[in-house]
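1. A predicted structure for the sequence below; I have some questions about it.
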Amino acid sequence: MGSRKKKAGAIAAPPRAPGSPRVVAVTGAFGALGRRLVPLLEADPEIDRVVAIDLRPAALGPDVDPAAFLAAHGKLSSHTLDLAGAGADRELADVLEREGAGALIHLALLSSPTHALEMAHEVETIGTLHMLHAVAAARVGYLLSLSSAMCYGARPSNPAWITEEHALEPPPSRSLRDKADADRQVRRFGEEHPDHVVAVARVGAMLGSADDHFWTRLFGRRLVPAVLGYDPLVQLMLPDDAAAALHALLRARARGPFNVVGRGVLPYSHVLSRLARVPLYVPPGIGRSLLGALWTAQLSDIPRHFLDYLRWSWVCDGERLRRETGFTPAADIATTLQVFQSGAWRSDARDLRMRGAA
Amino acid sequence: MTTTEQLTGDNGFDPFGRDPELAERLRPRLDALLDRWLKVQVEGSEHLPTSGRALLVASHGGALPWDAVVLLAALGRASGRHVRPLVEDPVMTAPFLGTLLTRLGCVRASQDNATRLLDRDEAVLVFPEGMQGLGKLWRQRHKLMRFGRGGFVRLALRTKAPILPVAVVGAEDTSPLLFKIGGLMKEKSLPYIPVTPVIPLPARWRIKVGAPIDANAEIPEPTDITVSTLAARVKDLIQRDVDALVEDRGSAF
């Protein structure tokens, strides 16, 4: 890890010892991504302790008793904490300091758009703010924060392959704007605190098993919306590969924004036909109004602007991740679709439906 | 700029959306269109490199972008490789048409996309006249419009790709722009509504590929002035070839 110089007298509080790089904290540790990442961290010989921080009690799967679970995971310690709550910054800083965490992976963000806009704003924006305060206070040397490739926005002027330098211009949708804002907050923190190494993982569309992920739900239906006359290329990746990518970024202590996207592309129509889904073609204008009305009436969980993502390309270039960490996803898009199609996702998708966090 | 080789999945789908199966299925029809309907003749195909990057710079015309399709098929056939035409926005963003052109191998025109394609050693075809080329009225046919500010020269300099001038005659005759209905649509989406036959008219096409130009050798120290001068020279070269082809062809039909 990078060396850090003590700034004497910069803060009134007595100087705190920086955390150990061998202790890694994860917020949102029991969400869909966290459940996959934690075992990777536990198996990493360079990591002595994994500090799980989540709203939910400790468990890497449903129907698991937290106490028995923790007993079976020697490296793991668990803290129940609501990052959006008042005073959460200090609580989190205390946890990080007590555990001596030298790295934090921030996954406590929403994986799907929600009608609870206020809650979403609190989680994305305020939760991130609290997390950054805690990282600074506890002198956590490495921070990796989750973001979404959807933050780039889907529009006709996008290059065929979006690189990390591309501006984040999400559509005027509250949930994506909050996500882009969290992304910006984290990057600004990195610029203003050069003694912290800060990275952002802009994860593309994930399609996996047994998860309450937006795309999994979308492709789980028989009838799937499509935009009449348009057929953009899409990327899809398994959540396991996304988790492995996060692990690779942590190991490399990579700095800056990274696109974390699946390997290979397919036209949207090919994805639907490979999954034997029936496309429901809607003209772009009418489709937007219709989706908007359904969303407002809370009859649909697909926001109005989502149709842009089925109309224009927002394919991202994952080359930077490969170059700086050596990581490439194990499954390409064809394999990802096969895994999804094998039906493993159905088993407990329903009872996870109401949970939102990644 | 990075290479995009590793971006292609194991399923082999082209990272810019070309669908080889569809292209193969449409091939007999495209061949019939070229040979029987448009009677396309290609000169100078020996200048087309069979491998490695190349920047084909062509004249542009016709209300509908038939020239992109004809050049893609004709030059593809002559060189045995997939030519990637860069097509301007109102065409590529049009419903159905944009998708079809993408599947055939066309890519939305932008410096970023062009650079990526050339770095993959593809043969890229650009129309520097852009929308102005498509907006030529019937009476302005065979007269090249301004070649932008020489963006294609900068592209060639940056990627070290040879420039091949391509003169095309027939596009304006196949899809003559009779009138432009303007002011109806938002400026960004469509500048005008073209009044033109939807079916391509059976005009006779002539295509001439000129000798390659090495931009880096022509202007070792590029400035805005030398870049646009070279662009103008390439334009004059193509204009001369167009005039000669028109003369040689005689009647359009």
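-> Received it, and whenever you're ready, just let me know what you need.
2. first to last residue in stretch B:107-114, what's the distance?
-> 8 Å (CA to CA, to the nearest Å).
3. Pull out the buried residues from it.
-> If you call a residue buried by 16 or more other CB atoms under 10 Å in any protein chain shown, then stretch B:107-114 has these buried ones: B:107-110, B:112-114. C-beta coordinates here come from the backbone N, C-alpha and C atoms, glycine included.
4. and that stretch, what's its mean pLDDT?
-> Averaged over stretch B:107-114, pLDDT sits at 96.
5. hmm, it in reach of chain A?
-> Yes. Judged by CB under 8 Å from any CB of the partner chain, stretch B:107-114 comes into contact with chain A through B:107-108, B:110, B:112-113.
6. Secondary structure for the residues you listed - can I get that in a markdown table?
-> A markdown table is the format used below for the residues of stretch B:107-114 next to chain A (DSSP: H, G, I helix; E, B strand; the rest coil):
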| residue | secondary structure |
| --- | --- |
| B:107 | strand |
| B:108 | strand |
| B:110 | coil |
| B:112 | helix |
| B:113 | helix |
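7. just the buried residues of stretch B:107-114 now: which is nearest residue A:78?
-> In terms of CB to CB, no member of those lies closer to residue A:78 than residue B:112, at 45.5 Å.
8. Mean confidence (pLDDT) on stretch B:43-57, please.
-> 94.
9. what's it in contact with?
-> For stretch B:43-57, contacts defined as CB atoms under 8 Å, 6 or more residues apart in numbering or on different chains pick out B:71, B:75, B:78-81, B:83, B:118-126, B:128, B:152, B:155-156, B:159-166, B:206-212, B:234, B:238.
10. And the helices in the stretch 151-300 of chain A?
-> Using DSSP state H, counting those that start in this stretch, the helices found in the stretch 151-300 of chain A span residues A:174-192, A:214-220, A:239-252, A:268-274, A:284-296.
11. Quick one: list the elements packing against the second one.
-> Translated: helix A:214-220. On a contact count with 3 or more CB pairs under 8 Å, 6 or more residues apart in numbering or on different chains; DSSP states H and E, helix A:214-220 meets helix A:346-349.
12. quick one: which of the buried residues of stretch B:107-114 is nearest chain A?
-> For these, the residue nearest chain A by CB to the nearest CB is residue B:112; the value is 4.0 Å.
13. ok, back up a step: which PyMOL command selects the buried ones in the contacts of stretch B:43-57?
-> Command for PyMOL, covering only those of these found buried under the criterion 16+ other CB under 10 Å:
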select buried, chain B and resi 71+75+78+79+81+83+118+119+120+121+122+123+124+125+126+128+152+155+156+159+161+162+163+164+165+166+206+207+208+209+210+212+234+238
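14. what sits against residue A:100?
-> Applying CB under 8 Å, 6+ apart, the residues near residue A:100 are A:17, A:19-20, A:23.
15. Report the lowest-confidence entry in those.
-> On pLDDT alone, residue A:17 ranks lowest of the contacts of residue A:100, at 72.
16. Just say helix, strand or coil for that residue.
-> Look at residue A:17: counting by three-state DSSP, its state is coil.
17. any idea how far chain B is from it?
-> 41 Å (CB to the nearest CB, to the nearest Å).
18. What parts of the stretch 51-200 of chain B come near chain A?
-> B:89, B:92-96, B:98-99, B:103, B:107-108, B:110, B:112-113, B:116.
19. let's go with 6 Å and repeat that
-> B:93, B:95-96, B:99, B:110, B:112-113 (CB under 6 Å from any CB of the partner chain).
20. Enumerate the residues of chain A near chain B.
-> So far as CB under 6 Å from any CB goes, chain A lies against chain B at A:156, A:159-160, A:229, A:231, A:233, A:263-266, A:319, A:332-334.
21. before we move on, back to that, just the buried residues out of the contacts of residue A:100, in PyMOL syntax.
-> Buried subset of these, written as a PyMOL selection, criterion 16+ other CB under 10 Å:
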select buried, chain A and resi 19+20+23
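22. Do you have the strands of the chain handy? List them.
-> The chain I'm using is chain A. Here chain A has its strands, by DSSP state E, at A:20-27, A:49-54, A:76-80, A:101-106, A:142-148, A:197-203, A:223-227, A:233-234, A:256-260, A:266-267, A:278-282.
23. my bad, chain B
-> B:41-43, B:54-58, B:83-87, B:107-108, B:123-126, B:163-169, B:179-182, B:192-195, B:206-209.
24. what about residue A:293, how many residues close to it?
-> Residues contacting residue A:293 under the criterion other CB atoms under 10 Å in any protein chain shown number 12.
25. do residue A:310 as well
-> When neighbours are counted by other CB under 10 Å, residue A:310 registers 22.
26. wait, what's in contact with residue A:317?
-> With contact set as CB atoms under 6 Å, 6 or more residues apart in numbering or on different chains, residue A:317 has these partners: A:161, A:163.
27. The one 10 residues further on too?
-> Residue A:327 sits next to A:245, A:248, A:321 when contact means CB under 6 Å, 6+ apart.
28. of the residues you listed, closest to chain B?
-> Proximity of the contacts of residue A:327 to chain B (CB to the nearest CB) peaks at residue A:321, which lies at 11.2 Å.
29. okay, that closest one: pLDDT?
-> For residue A:321, the model assigns a pLDDT of 98.
30. What residues are bridge-paired with the nearest residue to it once chain neighbours are set aside?
-> In space, and not counting its chain neighbours, residue A:321 is closest to residue A:258: 4.8 Å by CB to CB, 6 or more residues apart in numbering or on different chains. Residue A:258 has these beta-bridge partners by DSSP bridges: residue A:201.
31. so how far is the helix or strand of chain B with the lowest mean pLDDT off the chain centroid?
-> Within chain B, no helix or strand scores below strand B:179-182, which has a mean of 79 by mean pLDDT, DSSP states H and E. Counting by CA atoms, centre = their mean, to the nearest Å, strand B:179-182 is centred 23 Å from the centre of its parent chain.
32. which of the residues in that strand are buried?
-> By neighbour count on 16+ other CB under 10 Å, the buried set for strand B:179-182 is empty.
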